[in-house]
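Undergrad: What follows is a predicted structure for the sequence shown.
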Protein chains: 2
Amino acid sequence: MATLKDISVELGLSVATVSRALNGFPEVGAKTRSRVQDAAARLGYRPNRSAQRLATGRSGVVGMIVKLRADMSADQTFFDVLTTLTAELAARDLDLVLSVDQGDDPVAPYARMLERDLLDGFVLNAPATGDPRPGFLMARGVPFVMHGQADPAPGYAFFGIDNTAVSVDSVGLLASLGHARIALINGEPRFAFAAEREAGFRAAMTAEARAVPAAFIADGPPTESTGYTLALSWLSGRAGPRPTAILCATTPVAAGVLRAARDLGLSVPRDLSVVAHDDALPNIRPAHFNPALTVTHAPLRDACAPLAEMLIDHLNGAPAARLQTVKRAGLIVRASTGPVPKGEEHPWQIP
Amino acid sequence: MATLKDISVELGLSVATVSRALNGFPEVGAKTRSRVQDAAARLGYRPNRSAQRLATGRSGVVGMIVKLRADMSADQTFFDVLTTLTAELAARDLDLVLSVDQGDDPVAPYARMLERDLLDGFVLNAPATGDPRPGFLMARGVPFVMHGQADPAPGYAFFGIDNTAVSVDSVGLLASLGHARIALINGEPRFAFAAEREAGFRAAMTAEARAVPAAFIADGPPTESTGYTLALSWLSGRAGPRPTAILCATTPVAAGVLRAARDLGLSVPRDLSVVAHDDALPNIRPAHFNPALTVTHAPLRDACAPLAEMLIDHLNGAPAARLQTVKRAGLIVRASTGPVPKGEEHPWQIP
DNA sequence: CCGATTTCTCAAAACGTTTTGAATTCTTTT
DNA sequence: AAAAGAATTCAAAACGTTTTGAGAAATCGG
């Protein structure tokens, strides 16, 4: 293993200059820099992490924690984010340590990892309403960035999408097509994104002067069977007049809704319009659904590069208030949405 | 943060002595050692990892890689092992870095992690037949331990169970109950454990002079539906005379088999005996199946402490040949096995 | 061509530990 | 009581980087 000193004796320079040359410091001459870079490449120099870390006081490692469900399974979407994030961080010379947790206490695994004190910071995922993790970490002065947003006006760094707008835009599209009875299959309510989506949905429906009975706002795990089960019960008409449109939290949920409609002999979009939010997981293509699915579109992986960037800035001392981004999801209209069926334009009556 | 020097000035000792005292070196006096330990506790001393690593040349971090399936899901059993292993390693001052991979090349993710050169070694899981990873890592002199065994007489460290014996013992039990037509629902054949189980099964059946038609040795993902589907087709009698006993690779598979028997109005163990191998996942209790399931029993988590211990020994220079353990699974006879039904004692006829 | 900048380079200190080789103290033996 | 030996302890070097504070070389204006 070649060291800085090896390069320095090779070129008759000091290690200080070699270090600066390789780290892109401005005060080193262009000619010297390229000589150093050549030598480094030629000798196969690779910086010794441990030495860098000792000198800088940083470990170069950030942590992330997966919360396992009771059945030991993990969130479908988690790994998609994880792989991309790992790559983005690696490209910036940070390593990601993953820890799994199955306990009840949301902060305990973070405390445990901090104790091992290997970490410079954290990436938080799956923010919940009233999430205790930001407070815990901020109280200890531990840098972190959150994928999503647990609080309305957070004092921490985060990158998320505008979940209120997701609902508002979807409802707006459907309302413009004349729909009045729109139902919502939401994410599990403990997650902050689901709370925001529901709030947006209610606000938008109220703005259209359409009340929604409690029975037509439901939630569940983001699976096909959730969509199938709920849609089947709604479309059978037992819970009251059928919705003419259904908003789905995820594309697998929408797949279930489409199957339920098919099983009941309903045609989409003639009898029913379906809109979903699309996290753009690599193995699910709503454009290839039958019919092609109208979605709000916001790839989860798109968050990874900004999150990595923010975390680094944060570690370098940037104040959290500057590291907050909310992205707006795009609305992609495909074939699963159409005009409200004739004679079905009336809203639900709330008793 | 208190350092060694802080302690040394506090006590009027040298840092060398303090270091030795804390690291349990034998040449430090008992009185001095306890004084040092007291002071360390009092000052809240915590060793600086980076400094330790620089001095020892070790990173204190080992890696593990999850292979994701095409649908981005991970192996059910993986997380069980992962959590326990993380804890066992942490207890020995090692951190575990997890990386996820979805590519085709089995060694590429290892090469990538080595390049980041943060790691002292690896834990390998899910050995496949002809697994290229051991060769790759050994060629580079990278220490690792394998959970399981990819080769008959490996030159590397591993901890696994005797999968041949799993089949032999199960067949032995059933044969002693008079069963002659025993079918096997195995794990996916690319995994080494499945190959061993099948070999053991064939050998044991041959030893009992019972031939098994190809149709009655099948495999699939370790799920309930795999068991259900295969058992349903076998027990319907379409593929030939019904088996009187079924060996299952996992307990979820056995659950599917039991359901199939129930759906067909067959009683277990009167009409059909069922044996499974039990990995002892925390959320599945074969003792509470109906009927309680006869199993070969080998908790996956039991491998974690030995694996951690072996890896540390290996990192400290112990030769791999000494770090090889094969454990024999226990046979637990419960209520899902019974004597062969009257008149069903004859084996399959191979055309 | 001289002094004043500016640009570049250097030697040395620092980071906190482990390890080496020698020096000191304590114990035993003669 | 001195010598030998064992048991402790010590100072210093080493690990490979980053960073500091100065110094040397190059460039500039006059």
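TA: Looks like it came in fine.
Undergrad: got the residues of the stretch 1-150 of chain A near chain B?
TA: Listed as neighbours of chain B in the stretch 1-150 of chain A under the rule C-beta under 8 Å from any C-beta of the partner chain: A:46, A:48-51, A:53-54, A:57, A:59, A:61, A:68, A:70-74, A:76, A:79-80, A:82-83, A:86, A:90, A:95-102, A:112, A:116-118. For every residue, glycine as well, the C-beta is placed using N, CA and C.
Undergrad: just the helices in the stretch 201-350 of chain A please.
TA: Using DSSP state H, counting those that start in this stretch, the helices of the stretch 201-350 of chain A run over A:224-235, A:251-263, A:304-315.
Undergrad: For residue A:131, which of these is the nearest?
TA: Closest approach to residue A:131 among the helices of the stretch 201-350 of chain A (C-beta to C-beta): helix A:304-315, 16.5 Å.
Undergrad: near DNA strand C, which residues of chain A show up?
TA: Residues of chain A found near DNA strand C (C-beta under 7 Å from any atom of the strand) are A:12-17, A:20, A:26-32, A:51, A:54-55, A:57.
Undergrad: Could you chop chain A up by domain?
TA: A:4-47, A:61-161+A:301-327, A:163-299 (automatic domain parsing).
Undergrad: Tell me where the stretch 251-351 of chain A has strands.
TA: Per DSSP state E, counting those that start in this stretch, the stretch 251-351 of chain A carries strands over the ranges A:273-278, A:294-297, A:324-327, A:330-332.
Undergrad: Can you redo the ones you listed as a markdown table, where the extra columns are mean pLDDT?
TA: Conversion of the strands of the stretch 251-351 of chain A to a markdown table gives the following (pLDDT from 0 to 100):
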| stretch | mean pLDDT |
| --- | --- |
| strand A:273-278 | 98 |
| strand A:294-297 | 98 |
| strand A:324-327 | 97 |
| strand A:330-332 | 98 |
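Undergrad: so which of these gets nearest chain B?
TA: Of all those, strand A:273-278 sits nearest to chain B, with 15.3 Å by C-beta to the nearest C-beta.
Undergrad: Name the surrounding residues that touch that closest one.
TA: Contact partners of strand A:273-278, identified using C-beta atoms under 8 Å, 6 or more residues apart in numbering or on different chains, comprise A:166, A:170, A:173-174, A:177, A:179, A:197, A:244-251, A:253-254, A:257-258, A:261, A:268, A:286, A:293-298, A:329, A:332, A:336-338, A:340.
Undergrad: Name every strand pairing with it and say which way it goes.
TA: Partners of strand A:273-278 in the sheet, by DSSP bridges, are strand A:245-248 (parallel), strand A:294-297 (parallel).
Undergrad: Pick the most buried one from those.
TA: Ranked by mean neighbour count, the strands paired with strand A:273-278 are led by strand A:245-248 with a mean of 30 (mean count of other C-beta atoms under 10 Å in any protein chain shown).
Undergrad: now that strand: mean pLDDT?
TA: Average pLDDT, strand A:245-248: 98.
Undergrad: now stretch A:127-138
TA: In this model, stretch A:127-138 carries a mean pLDDT of 96.
Undergrad: partner residues bridging the closest residue to residue A:158 other than its chain neighbours?
TA: Sequence neighbours aside, residue A:146 is the residue nearest to residue A:158 in space, at 4.1 Å (criterion: C-beta to C-beta, 6 or more residues apart in numbering or on different chains). Beta-bridge partners for residue A:146, by DSSP bridges, are residue A:124, residue A:158.
Undergrad: I'd like to know how many residues surround residue A:146.
TA: 27 (other C-beta atoms under 10 Å in any protein chain shown).
Undergrad: residues contacting it?
TA: Residue A:146 touches A:123-125, A:127, A:134, A:154, A:156-160, counting by C-beta under 8 Å, 6+ apart.
Undergrad: gap between it and residue B:232?
TA: Here residue A:146 is placed at a distance of 47 Å from residue B:232 (C-beta to C-beta, to the nearest Å).
Undergrad: Wasn't residue A:62 part of a helix?
TA: No: under the criterion used here (DSSP: H, G, I helix; E, B strand; the rest coil), residue A:62 is strand, not part of a helix.
Undergrad: Compute the distance between it and DNA strand D, please.
TA: Distance, residue A:62 to DNA strand D, by C-beta to the nearest atom of the strand, to the nearest Å: 18 Å.
Undergrad: ok, that residue - contacts?
TA: Counted by C-beta under 8 Å, 6+ apart, residue A:62 has contacts A:89, A:94-97, A:119-123, A:311.
Undergrad: so it bridges to which residues?
TA: So, taking DSSP bridges as the rule, residue A:62 has residue A:96, residue A:121 as bridge partners.
Undergrad: Repeat that for the one 5 residues further on.
TA: As for beta bridges, residue A:67 partners with residue A:101 under DSSP bridges.
Undergrad: Give the burial count for it, as a bare number.
TA: If you count neighbours by other C-beta under 10 Å, residue A:67 ends up with 16.
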